[in-house]
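> Quick check, what structure comes out for this input:
(one chain, ligands or ions: 3)
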Amino acid sequence: MSFKLEPSKDFKKPPGPVCLIIMDGVGIGAEEQYNAWYCAKTPFLDSLRNGKTPKGNIVLNAVVDASGRSVGLPEDSDMGNSEVGHNAFGAGRIYSQGAKLVNESMDSKTFKTGETWKWLLENCKDGKEGTLHLLGLWSDGNVHSHVKHAYALLDAALEEGCKHIRFHILLDGRDVSETSALDYVGPLEKHLASLREKGVDVHIASGGGRMVTTMDRYEADWRIVQRGWLSHVLADTETIRTFSSASEAIQTFRKEENGVIDQFLPPFIIVDNKGSPLGRMKDGDSVILFNFRGDRAIEISTCFDAPEGTFHHFDRGCMPKVRFAGMMQYDGESKIPKHYIVSPPNIERTLGEYLVHNNCRRLSISETQKFGHVTYFFNGNRANKFNEELELYVEIPSSRERENTRPWMKAAEITDSALAAIDEFKPDFVVLNYANGDMVGHTGVYHAAVIAMEAVDVSLSRLVNGIIERNGIAIVSADHGNCETMAEVDKKTGKPVKGNSPEGWKALTSHTTTPVPVMITGYGIEKYEIDESVTWGDANRKKAGIVNVTATCANLLGFEKPKEWLPGLLKPKSL
Ligand SMILES: O=C(O)[C@H](O)COP(=O)(O)O
Ligand SMILES: [Mn+2]
Ligand SMILES: [Mn+2]
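Ligands and ions are numbered 1, 2, ... in the order given. You can find the predicted model right below:
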């Protein structure tokens, strides 16, 4: 199938670039005190929403879905996330995502017939001495993982006669309620105790809060992964604190650091009554990383897979010879990891790939925390460029400090570099991500989230005005909701649930199912209007989705959309 795009009959390419600006984690929520966008002073965004920039340029507005089935998740109650959101923006059509594919494989047990499962169990099944280690994010957030998948793997291992099993659990509080770790750990401890009574040697062996243990992304801070390695693999009790159970670790840390939330709980190792670790990995063991999402799984997978002499991020110490597999292959192009249990969605024919085949230049730019979102996720989970000459990928290093202490993050620097790169590199298309709404939203700190939105507003006004001055078009949107809902909300009353935040509510650190804006302004926009008949494919909801933005970008670049994509949001203005 050719990648040549037909010239559009209805749309004309502007002289300047077409820029997709993604405000990460900014939905259109209720007009309530817990909505950081609503309560922030954002005059520029307000003007966009009201249909005219402060300089009088027309803005076309739509509100679109960014969660549930509209982005390939199993249920409409599933909140959106960056992976599925940026996949949708990049691919122009809906793929069954990791969460759904793994559900299907676990429910039907088809994974048990695969080569990887057999290979992993060779040393562990039928009462053999090898231990099976299950490592991953211990919650039902369904963004990176789901506990039900780990339970399915446990059941399957028991059916095969595995006698030695260890859990290495990363505590969440970011995709689920901020202090809910015990809600997930308690039932696991109980279940494992009942299995031990039946003679299975099964324990939780290590763990830690996900933002300080194991789940780094885009090489923002390898020390996070090293802490995980010391806890789960080497069980280094000289550097990592020991406890007799995971719930004891969680309770102790909470007592010691008043107000600590789960994602930041320090790493821990579980030891027996003689102080010996229960789950140090050894030669002949097998390890499954049961997270299905790639960004925060790639580094730890590399630690297991990289041959000696090729790994330089930290000293892996006396590394045991284990068999390692991921729940999925997280990067199909670089083959990370080598072994995996469920095949990932094969996302192809993305906007990025079409652009290079049609001789369009592209700039992708963000700060470290979201850099892979506008490259790896946007390209359908492949990190490398399609074409060295036609693509420029710019990463502004993120601070390693917690985002609530610097809610402006790198928005200003991203804006400076984007405008400079537009002038120098002369891209036809730009995809840019402002991380603030999402990363600060995840901290649960409301007043910082308000400032985050104000920082985005200041940068947006500079960037969008800069794009208009350069005769380009700006499409301002978001990948999912987050900071518009900073409190847990009582579904019946619509009011915040009371809690310990300074505002008196229970902070919400996770994403939401809230719809997101699409605001389009710039060169020649007055010739177009929103096509209200466009949907992402669900006849009942009759709503468009972020997945319809891809064809919108292609149209504005002067192309007909490729057949396999869903339609764009715009049509020529009727006279
Ligand atoms: O990984 C994270 O930080 C959260 O689980 C999800 O956030 P993101 O989907 O916006 O990256
Ligand atoms: Mn996001
Ligand atoms: Mn997020």
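
> near ligand 1, which residues of the protein show up?
Within reach of ligand 1 by CB under 6 Å from any ligand atom, the chain has these residues: 24-25, 81-83, 143-144, 174-175, 296, 438, 442. Where you see a C-beta, it was placed from the backbone N, CA and C, and this is true even at glycine.

> hmm, 8 Å instead?
Near ligand 1, the residues belonging to the chain are 24-25, 80-83, 85, 141, 143-144, 172, 174-175, 210-211, 215, 217, 293, 295-296, 369-370, 373, 438-439, 442, 479-480, 482, 510-511 when assessed by CB under 8 Å from any ligand atom.

> out of those, which touch ligand 2?
24, 82, 438, 479 (CB under 5 Å from the ion).

> wait, which of these is closest to ligand 2?
Nearest to ligand 2 out of these is Ser82 (CB to the ion; 3.1 Å).

> re earlier: now, which of the residues of the chain next to ligand 1 lie within helices?
Of the residues of the chain next to ligand 1, the ones assigned to helices by DSSP state H are 82-83, 85, 369-370, 438-439.

> Let me know the closest of these to Leu569.
Leu569 lies nearest to Gly85 out of these, by CB to CB, at 16.0 Å.

> And the closest one, how close does it get to Val64?
When CB to CB, to the nearest Å is the yardstick, Gly85 and Val64 sit 11 Å from each other.

> Find the residues that touch each one of the two.
Ile546 (CB atoms under 8 Å, 6 or more residues apart in numbering).

> between the two, who's got more neighbours?
Legend: neighbour count by other CB atoms under 10 Å for Gly85 and Val64, higher for Gly85 (28 against 23).

> Now do the contacts for the more buried one.
By CB under 8 Å, 6+ apart, the contact list for Gly85 reads 22, 66, 71, 377, 479-480, 546.

> Count the neighbours of Thr535 for me.
19.

> With pLDDT as added columns, please give the ones in helices among the residues of the chain next to ligand 1 in CSV.
Output for those, formatted as CSV (pLDDT from 0 to 100):
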residue, pLDDT
Ser82, 98
Glu83, 97
Gly85, 98
Gln369, 98
Lys370, 98
Asp438, 98
Met439, 98
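
> Narrow those residues to just the buried residues.
Buried members of those, scored by 16 or more other CB atoms under 10 Å, are 82-83, 85, 369-370, 438-439.

> Could you check which helix or strand contains Ala157?
Counting by DSSP states H and E, the element that carries Ala157 is helix 147-159.

> Against which helices or strands is that helix packed?
For helix 147-159, the elements it packs on are helix 98-108, strand 132-137, strand 164-171, helix 181-197, judged by 3 or more CB pairs under 8 Å, 6 or more residues apart in numbering; DSSP states H and E.

> And the last one, what does it pack against?
On a contact count with 3+ CB pairs under 8 Å, 6+ apart, helix 181-197 meets helix 147-159, strand 164-171, strand 201-209, helix 246-256.

> Tell me the buried residues in it?
Within helix 181-197, the residues that count as buried by 16+ other CB under 10 Å are 181-182, 184-185, 188-189, 192, 195.

> The first one now?
Burial within helix 98-108, assessed by neighbour count using 16+ other CB under 10 Å, is assigned to 98-103, 105-106.

> Dump these to JSON lines, plus pLDDT.
Below are the buried residues of helix 98-108 laid out as JSON lines (pLDDT from 0 to 100):
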{"residue": "Gly98", "pLDDT": "95"}
{"residue": "Ala99", "pLDDT": "95"}
{"residue": "Lys100", "pLDDT": "96"}
{"residue": "Leu101", "pLDDT": "97"}
{"residue": "Val102", "pLDDT": "98"}
{"residue": "Asn103", "pLDDT": "97"}
{"residue": "Ser105", "pLDDT": "98"}
{"residue": "Met106", "pLDDT": "98"}
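
> Can you tell me which of those residues is closest to His313?
Each of these was scored against His313 by CB to CB, and Gly98 proved nearest at 25.2 Å.

> Run through the residues that contact the closest one.
If you count contacts by CB under 8 Å, 6+ apart, Gly98 has them with 83, 292-293, 327-328, 342, 344-345.

> Please enumerate the strands of the stretch 351-500 of the chain.
Listed in chain order, the strands of the stretch 351-500 of the chain (DSSP state E, counting those that start in this stretch) span residues 362-367, 391-396, 429-434, 473-478.

> Parallel or antiparallel, which strands does the second one pair with?
Strands flanking strand 391-396 in the sheet, each with its direction: strand 362-367 (parallel) (DSSP bridges).

> Just confirm yes or no for the strand it pairs with near ligand 2.
No: using CB under 5 Å from the ion, we find that strand 362-367 stays clear of ligand 2, coming within 10.8 Å at best.

> can you check stretch 540-555 too?
No: counting by CB under 5 Å from the ion, ligand 2 is not contacted by stretch 540-555; separation bottoms out at 11.0 Å.

> Begin at 51, not 1, for the rest of this chat.
That works, and once the first residue is 51, the last one we named lands at stretch 590-605.

> in that stretch, what counts as buried?
Buried positions in stretch 590-605, judged by neighbour count with 16+ other CB under 10 Å: 593-605.

> as a whole number, average confidence for it?
Here stretch 590-605 scores 95 as its mean pLDDT.

> now swap in stretch 83-98 and tell me
The pLDDT scores in stretch 83-98 average 98.

> Point out the ones among the buried residues of stretch 590-605 that are inside helices.
Members of the buried residues of stretch 590-605 lying in helices (criterion: DSSP H): 599-605.

> Out of those, the closest to ligand 2 would be?
Among those, and counting by CB to the ion, the member closest to ligand 2 is Val599, at 14.5 Å.

> Pull the contacting residues for the closest one.
So, once contact is read as CB under 8 Å, 6+ apart, Val599 ends up touching 70, 114, 138-139, 525, 527, 568, 618-619.

> Who wins on neighbours among those?
Going by other CB under 10 Å, Ala138 tops the contacts of Val599 with 32 neighbours.

> Is it correct that it falls within a strand?
No: counting by DSSP: H, G, I helix; E, B strand; the rest coil, Ala138 is not part of a strand but helix.

> contacting residues around the spatially closest residue to it that is not a sequence neighbour?
Distances taken as CB to CB, 6 or more residues apart in numbering put Val597 closest to Ala138, at 4.3 Å, once the chain neighbours are dropped. Val597 makes contact with 120-121, 138-139, 141-144, 586, 616, according to CB under 8 Å, 6+ apart.

> domains in this structure, as residue ranges please.
87-145+397-622, 149-392 (automatic domain parsing).

> Please state the offset of the last one from the chain centre?
Think domain 149-392. Computed by CA atoms, centre = their mean, to the nearest Å, the chain-centroid distance of domain 149-392 equals 19 Å.

> Straight-line length of it, end to end?
Start and end residues of domain 149-392 are separated by 11 Å (CA to CA, to the nearest Å).

> Up against ligand 2, what does the chain have?
Residues of the chain found near ligand 2 (CB under 5 Å from the ion) are 74, 132, 488, 529.

> try it again with 6 Å
Within the chain, the residues that sit near ligand 2 (CB under 6 Å from the ion) are 74-75, 132, 135, 488, 529-530.

> Among the contacts of Val597, which lie within helices?
Using DSSP H, the contacts of Val597 in helices are 138-139, 141.
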